[in-house]
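Engineer: Fold the following and give me the result.
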Amino acid sequence: MKAINSYMNDHLAGAVAALELLEHLIVVHKGKPLGPFFVELESDVKADVAVLSKLIGAAHSSESFPRKAAAWMAEKIVRAKFKAAGEQMGGLGLVQALEMLEIGIRGKQLLWRALAMSTLPAVRDVDLAGLEKRAVEQQQRVEKERTEAARAAFV
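Structural biologist: Residues are numbered from 1 along each chain as shown. Here you go, the predicted model:
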């Protein structure tokens, strides 16, 4: 059971970093075409975090504050790099931020798939296939925006 708790906490820490990045991107893109996209994606990630937190609790584990704090700090460092590269459409930083989000969402997809193979009783009450499908849809939406950002950045 220790391995699954560690695994879920690693993914929770990744979600903390993603939410921090999304909060920043929402501010940067407020009133611009990408603003609503980032707001919607943040809402999706928050919903997934709620499910993951519930599963961590059901596994009689607790959320790892050190992992979450490390993810929070790592996001601040990475964000500085993205900012220097350009966060607006046409900037390399936006391409990189979207890539980071897409990679994280892919990891989330694999998390849901792995949890479906676990013996954790609480997963029986969760639509893991639906969550995996939603992660794929999120990846597709992010990839669309990443492609547009790359097109603008690399002309």
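Engineer: Tell me if I'm right that residue 83 and residue 93 touch.
Structural biologist: Yes. With contacts counted by Cβ atoms under 8 Å, residue 83 reaches residue 93, the gap being 6.0 Å. Quick note: C-beta positions are derived from backbone N, CA and C, even for glycine.
Engineer: Which one's more surrounded, those two?
Structural biologist: Neighbours per residue, other Cβ atoms under 10 Å: of residue 83 and residue 93, the larger number sits with residue 93, 21 against 14.
Engineer: quick one: the more buried one from residue 150, how far?
Structural biologist: 12 Å (Cβ to Cβ, to the nearest Å).
Engineer: cool, and residue 66?
Structural biologist: Distance from residue 66 to residue 150, by Cβ to Cβ: 35 Å.
Engineer: what about these two, which has more around it?
Structural biologist: residue 150 (16 against 9).
Engineer: Could you report the neighbour count for residue 14?
Structural biologist: Neighbour tally, residue 14, other Cβ under 10 Å: 23.
Engineer: was I right about it contacting residue 105?
Structural biologist: No. Between residue 14 and residue 105 there is no contact under Cβ under 8 Å: 9.8 Å.
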